[in-house]
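Enquirer: task: produce atomic coordinates for the following.
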Amino acid sequence: MQYHNYVFFTVRSEFSFLSSAKQEIHKKAFLKELKKEKQIITNAYATLGLKANATLLLWFQADTLEKIQNFLNTLLHTDLGNYLVISYTLFGMARPTQYSEKSTGHLHTDRKGGKYLTIYPFTKTKEWYALDFDERRRLMGGHVSVGKKYPQIEQVLLYSYGIDDNEFIVSYEMDDLSSFQSLVMELRSDKVRAYTLKDTPIFTCVYKTLDEILDFL
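Expert: All right, here's what the predicted structure looks like:
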């Protein structure tokens, strides 16, 4: 899917004042809406306690922006949706990398099955774009070689140029946070790091099925 929207939510405190029976009715109706939409891939993650003002994440993928927007509008107009507040969003598009003509990684954006998902937006410095293109490609080659040392970690790179506040969104799927942390520590010493202007906020998320995620409300 080309269009990706990471939407983080918090829950209004009023929801906790509802009876357990009423909460369950609202959850079931919301879940029904989530599951019946077949043109959008939706993955759910718990972010409770891992980032302020973020209880859960819904990662939407679709072949048009409008499908995502209309679906989100439908969800927010459910009874449960009335108690959800969007606290943060990241929006990007999958496209071929400019540094490798043979790359097809942008075509494979489905969830790979990792227990954890870490997402962050980032933007390069103006000095990076002042470099000759071949030099940028050479530097990125070294950067990629570090990532290949951790084949158990899956990456999705999205482009946000001109459509969001950042230039890229990178997300990593893994079953072991320790190995991911080792990857990041190694990447910090790579030469490309000098050309990173900003790469926060960082969101660490725990995968949940659509049924399970509602238990975090």
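Enquirer: buried residues, the helix or strand containing Leu31. List them.
Expert: Using DSSP states H and E, Leu31 maps to helix 20-36. Buried residues in helix 20-36, counting neighbours by 16 or more other C-beta atoms under 10 Å, are found at Gln23, His26, Lys27, Phe30, Leu31, Leu34. All C-beta spots, glycine's among them, are computed from the backbone N, C-alpha and C.
Enquirer: then stretch 67-77?
Expert: Lys67, Ile68, Phe71, Leu72, Leu75.
Enquirer: which among those gets closest to Lys51?
Expert: Of all those, Lys51 sits closest to Leu72, with 19.9 Å by C-beta to C-beta.
Enquirer: grab the nearest non-local neighbour of that closest one.
Expert: With sequence-adjacent residues excluded and distances taken as C-beta to C-beta, 6 or more residues apart in numbering, Leu72 is closest to Val7, at 6.7 Å.
Enquirer: what's the angle from the next helix or strand after the helix holding Leu31 to helix 20-36?
Expert: Next helix or strand after helix 20-36 toward the C-terminus (DSSP H and E): strand 41-46. Note on geometry: by axes from the mean of the first three to the mean of the last three C-alpha atoms, to 10 degrees, strand 41-46 and helix 20-36 are set 140 degrees apart in direction.
Enquirer: what residues does strand 41-46 touch?
Expert: Residues outside strand 41-46 that contact it (C-beta atoms under 8 Å, 6 or more residues apart in numbering): 1, 34, 55-62, 110-111, 117, 205-210, 212-213, 216.
Enquirer: how about the helix or strand bottoming out on mean pLDDT in the chain: buried residues?
Expert: The weakest-scoring helix or strand in the chain, judged by mean pLDDT, DSSP states H and E, is helix 133-147 (a mean of 91). Residues of helix 133-147 classed as buried by neighbour count (16+ other C-beta under 10 Å): Arg136, Leu139, Met140, Val144.
Enquirer: which other helices and strands contact whatever helix or strand comes next after that helix?
Expert: The element immediately downstream of helix 133-147 (helix or strand, assigned by DSSP H and E) is strand 154-159. If you count contacts as 3 or more C-beta pairs under 8 Å, 6 or more residues apart in numbering; DSSP states H and E, strand 154-159 packs onto strand 84-93, strand 168-174.
Enquirer: and the next element down the chain from the shortest one?
Expert: I take that to be strand 168-174. Past strand 168-174, the next helix or strand by DSSP H and E is helix 177-188.
Enquirer: partners of the helix or strand just after that next one in the sheet?
Expert: Following helix 177-188 in sequence order, the next helix or strand is strand 196-198 (DSSP H and E). Note on strand 196-198: by DSSP bridges, its sheet partners are strand 116-124 (antiparallel).
Enquirer: residues in contact with the partner strand?
Expert: Outside strand 116-124, the residues touching it (C-beta under 8 Å, 6+ apart) are 6, 45, 57, 59, 90, 160, 164-175, 177, 180, 195-207.
Enquirer: what subset of these is buried?
Expert: Here, 16+ other C-beta under 10 Å leaves 6, 45, 57, 59, 90, 160, 164, 166-169, 171-174, 180, 195, 199, 203-207 buried among the contacts of strand 116-124.
Enquirer: tell me how the protein divides into domains.
Expert: Annotated domains of the chain cover 3-93, 113-204 [automatic domain parsing].
Enquirer: now stretch 128-145, how far from the centre of its chain.
Expert: 25 Å (C-alpha atoms, centre = their mean, to the nearest Å).
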